[in-house]
Structure formats: structure tokens, C-alpha cells
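Q: here is a sequence with its predicted model. Questions after.
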Amino acid sequence: MAEGENKGQRLLGIYHRLSRGELISKEVLAREYGVTEKSIQRDIDDIRSYLAGDRDEGAADICYDRQAKGYRLVEEESRCLTRKEILAMAKILLESRAFAKEELHTILDKLIEACPREGRKVVKDMIRNETFCYVPPRHGKKLLDALWDISLFIKNREIIRFSYKRQDGAEKEHTAKPVALLFSEFYFYLVAYKEEETEFPTIFRVDRIETMEKTGDHFQVPYQDRFKDGEFRKRVQFMYPGVLRRVTFTYSGPSVEAVLDRLPTARILSHKDGIYTLTAEAYGKGLDMWLGSQGKWVKVLQSEEVTL
């Protein structure tokens, strides 16, 4: 084999090891490849030059670890997840209870694999008990494929046809225009305008969709001149279908901040003697139900339909 081919294979092999978080030793590699340590040093310098010249791809450098007596690939912190960030994401995934066990474990394994090598065991140990005791949603369905397909349908503005099983077991076929995919309290939801209803959207739990296919037809966003996806999302957090409504109410509880976090559209109108007057908007009656659950802390002053 030509020297150039030998060098090319060495470079790929060394870079592969570095990218996996391995510590490499010039002495060990020289014996393994049958070359001098100077050749390995030149290989390391070549990889360094590549990373320095292609920052979009590399965003990393090869550094010598004096304590471990070897070289490591050190990625720029701004370009990769830290162990603190990975731990936070893992905690959110576990707490969400959104996925079947198999899918959750696959995601967590890949997430932890992205952690800097020295932090992987630490993160694993920190979430070990929660992972072992994880309780998946009762529907038990794998959702990643369906979530991806729905996201593509939304992106491409494709009208879809799907079979949907309600909680009572009744199954019905729908043709609809998908406009959003949301997550709320254990479940993913498809927000779509049914073909026969265009005034306000209908909300479907993704795990209850039995079959789904595109029709080949496309659509414009309903009310395109006034439909704003970000504003729309703020108003469907309770996942109840229905017309858009505005509720004005007073709140005398211990944390108005918690109310503002729970209701993205909420605004404080006034505050006096520990009593806040607020207004918020949401589709359907979910907002009224949540306010009712707050007991004596909340008093509804006005509830009305809103025309966008």
C-alpha cells in the first residue's frame, strides 16, 4: 500500500478515536501503525490544521493532557453541550414522561454520549434512579416517527388524512390541515383545521392517531393575513378546542408569577392590597377550568369570545 494511503488511513483512524473522546498516545499509535512518533506528531498537526481552517465543521482543537499523558479533542464549549446542560435536558425528558421506555432510553443514551467523556459516568449516576423508576405513558406507543412525519406535513403545508381513536374507543377518519405540533403535560398534540371546520382549530393527541397519510393536496395557512404561529401557541396551552376567548379575573393567591408562567397571554391590569386583576386569552374552555381549580384565590369578572 502506498505511503499516501497509509497516511490517509492513519489520519482517519486517529481523528475517529479523538472524536469519540479517546485519549491518544503518540508512543502507542507509533507502535500500532509501525511508524515513528514524529510521523504521528505530523498527523496530529495535520488534523489541528484542518480543524483550525474549517471552524464551521471543527470548532475544536487537539490539546495535550499532561496528567493523563496523551492528546484529546477539546471542542469549543459554545459549540457543544456541557455536562450541566445534558443533565438538565435529561431531567426534563424524564419528568415529561412523554416517551415509551425504549425511545426514552435511546434518546438518553445518545444525549449522554454527547457529554464530554469525563462527565458521562457522573451524569449517568445522577439520573440512574430516575431512569430505573421511569413510568412511561399508558398508551405505550413509540412516537418519534409520527412526530417527524407530522412536522414535515406542517412544514410542507400538506393536507393529511388520518384515523383517530377517541378515549371511548370510537374511531373516526379525518381530513385536516396541520398547523402546529405541541407538547403539554405528558402528551404531544397535533393542532389542525378540519376540512369542514375553518373557524377555529381542532386538537388531536398524537398517540391516538392510528394511521396517517398525505392526500397530495396542499393548503395556505388559515387566516394567513392574521395567523401568527407564536401567538397561536400561547393560546392553546390547555389543549381544549373551541373559539378564542378572553377572561378577566382577580387573583389573591401567593404567587402571581406562577399564574403568569402558566398563562403566556396573561397581563396584569392592576394591583391593589395584594389582589391582582389580570386578563388572558385561550382557545376553548380550558382556561376557565384551570381558573376554577384555583379555588378562592381566583374570581372571574368577565369571559367573552374574541375575534382576531
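A: Nice, I can see it. Numbers count the residues shown, from 1 in each chain.
Q: give me the pLDDT value at Gly4.
A: If you check Gly4, the pLDDT there is 51.
Q: Cys115 too?
A: So, for Cys115, pLDDT stands at 78.
Q: wait, it sits on Ile86?
A: Yes. At 4.8 Å, Cys115 counts as touching Ile86 under the criterion of CB atoms under 8 Å. In short, each C-beta sits where N, CA and C put it, glycine included.
Q: mutual contacts of these two, please.
A: Val123 (CB atoms under 8 Å, 6 or more residues apart in numbering).
Q: which residues touch the closest residue to Val298 other than its chain neighbours?
A: Excluding the flanking residues, the one nearest Val298 by CB to CB, 6 or more residues apart in numbering is Leu291, at 4.9 Å. Leu291 sits next to 247, 249, 298, 300 when contact means CB under 8 Å, 6+ apart.
Q: determine which two of these are furthest apart.
A: Taking CB to CB as the measure, those reach their widest spread between Val247 and Val298, a distance of 9.8 Å.
Q: quick check: next helix or strand after the least confident helix or strand in the chain by mean pLDDT?
A: Least confident helix or strand, the chain: helix 229-234 with a mean of 69, by mean pLDDT, DSSP states H and E. Note on helix 229-234: by DSSP states H and E, the next helix or strand toward the C-terminus is strand 244-251.
Q: I'd like the next helix or strand past that following strand.
A: Next along from strand 244-251, by DSSP H and E: helix 256-262.
Q: and the contacts of that following helix?
A: Contacts of helix 256-262 (CB under 8 Å, 6+ apart): 237, 251, 253, 266, 268, 276, 278, 290.
Q: now the buried members of these.
A: By neighbour count, with 16 or more other CB atoms under 10 Å, the contacts of helix 256-262 hold 237, 251, 266, 276, 278, 290 as buried.
Q: possible to save the residues you listed as JSON lines with distance to Phe200 and pLDDT?
A: Written out in JSON lines, the entries for those read as follows (distance: CB to CB, whole Å; pLDDT from 0 to 100):
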{"residue": "Gln237", "distance to Phe200": "15", "pLDDT": "70"}
{"residue": "Tyr251", "distance to Phe200": "27", "pLDDT": "96"}
{"residue": "Ala266", "distance to Phe200": "20", "pLDDT": "93"}
{"residue": "Tyr276", "distance to Phe200": "29", "pLDDT": "96"}
{"residue": "Leu278", "distance to Phe200": "23", "pLDDT": "96"}
{"residue": "Trp290", "distance to Phe200": "19", "pLDDT": "89"}
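Q: rebuild those as a markdown table, extending it with distance to Arg72.
A: Shown next, in a markdown table, are those (distance: CB to CB, whole Å):
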| residue | distance to Arg72 |
| --- | --- |
| Gln237 | 44 |
| Tyr251 | 54 |
| Ala266 | 49 |
| Tyr276 | 54 |
| Leu278 | 53 |
| Trp290 | 51 |
